[in-house]
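# I would like the atomic coordinates for the input below:
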Amino acid sequence: MNIGYDLDGVVLKLGECINKYILDKYNHVIDVTKVEDYDDFITLIEGCKKGAVHDFSEGDMGHVQRVRPYEHAVDVINKRFSEGHKIYFITARYQEAPTLESLKNLGIMYTDIYFAHADDKYKVIKDLNLDFYIDDRLETLISIYERNIRLVFVIRDQPWNRNKDHPLHFVRVRSLTEYDYLIEKFLEMYRMTID
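Numbers count the residues shown, from 1 in each chain. Sure thing, here's the model as predicted:
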C-alpha cells in the first residue's frame with residue numbers, strides 16, 4: 001500500500017517549534033489555539049517583527065532540525081514501513097538538508113520524500129498513486145479532491161482547519177494512531193475480499 005504524509009502539523013510539531021523560535025528570538029508567544037486559518041501563522045509571526053517569517057525559514061535551520069514528532073508518530077510510521085508498505089512524505093518545506101537530517105535523527109523510516117509547494121502537492125500524489133494521504137491544510141486536500149485524484153483523504157485535526165466546511169469525503173483524525181487505525185481497517189477489508 002502507498003501511504004502519504006504531510007510533515008508539519010501531521011508528523012512533526014511545527015507549531016511548537018515556531019512558538020519556541022519566536023519566544024527565544026523575539027520574547028513573544030503565539031497562541032496556536034486561536035489560529036483559524038493556516039495563513040494566520042504568517043500573520044502572527046510577522047506581528048512579532050517584520051521579517052520574522054524570513055528569519056525563521058531562511059536563517060539558522062537548527063530549530064527545524066529540533067522539531068519534535070507528535071506522540072506515537074515515529075512508531076506508527078515505522079511499523080507500516082517495516083510491514084513493507086511504501087511511506088511517502090510530501091512537504092511544502094523547501095529546506096531539504098535540515099529536513100532530511102531531522103528525519104534521520106528521529107529514526108523515521110520512509111520510502112521517499114518530496115518537496116512541493118502546497119498548491120502543487122496534487123501532482124506528486126497523483127504520480128505516486130497513493131492509497132491514503134493525510135494533511136493538516138484543508139486547502140491542499142480540496143485541491144487534490146477537485147482534480148479527481150482518488151484516494152482516502154484524511155485531515156489531521158488542527159485549530160487552523162476546524163472552522164471550515166469541507167467535503168464529506170475527508171475523514172478527520174486527532175492523531176496518527178487514529179490514521180493508522182483507518183489504514184488497518186482498510187487492510188482488513190482488503191484481506192477479506194481476497195480470501
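# Looking at the chain, which helix is longest?
Using DSSP state H, we find that the single longest helix of the chain is helix 176-194.
# And the contacts of that one?
Identification of contacts with helix 176-194 by C-beta atoms under 8 Å, 6 or more residues apart in numbering yields 1, 3, 10-11, 70, 72-73, 76-77, 79-80, 131-132, 134, 152, 154, 156, 171, 173. No exception for glycine: its C-beta is placed from N, CA and C like everyone else's.
# ok, now with 6 Å
For helix 176-194, the external contacting residues (C-beta atoms under 6 Å, 6 or more residues apart in numbering) are 72, 73, 76, 132, 134, 154, 173.
# Pick the one among those residues closest to residue 140.
Of all the contacts of helix 176-194, residue 134 has the smallest distance to residue 140: 10.4 Å, by C-beta to C-beta.
# wait, residue 132 sits on residue 3?
Yes - the criterion here is C-beta atoms under 6 Å, and residue 132 meets it with residue 3 at 5.1 Å.
# More neighbours: which of those two?
residue 3 (24 against 21; other C-beta atoms under 10 Å).
# that's a helix at that one, yeah?
No - counting by DSSP: H, G, I helix; E, B strand; the rest coil, residue 3 falls outside a helix, being strand.
# ok so, going back, return the subset of the contacts of helix 176-194 lying in strands.
Among those, the members falling in strands are 132, 134, 154, 173 (criterion: DSSP state E).
# between the residues you listed, which has the most around it?
Neighbour max across the ones in strands among the contacts of helix 176-194 (other C-beta under 10 Å) = residue 134, 25 neighbours.
# The nearest residue to it once chain neighbours are set aside bridge partners, please.
In space, and not counting its chain neighbours, residue 134 is closest to residue 154: 4.2 Å by C-beta to C-beta, 6 or more residues apart in numbering. Residue 154 forms beta bridges with residue 134, residue 171, as assigned by DSSP bridges.
# And residue 154, how far from residue 51?
35 Å (C-beta to C-beta, to the nearest Å).
# which residues touch the residue nearest to residue 134?
Applying C-beta under 6 Å, 6+ apart, we find residue 154 in contact with 134, 171, 173, 179.
# do residue 93 as well
Per C-beta under 6 Å, 6+ apart, neighbours of residue 93: residue 99.
# Could you say which helix or strand holds it?
According to DSSP states H and E, residue 93 maps onto no helix or strand at all.
# Tell me where this protein is predicted with low confidence.
Across the chain, the ranges flagged by pLDDT under 70 are 37-38, 41, 49, 53-54, 57-64, 166-169, 195.
# mind giving me the domain split of it?
2-13+67-194, 14-65 (automatic domain parsing).
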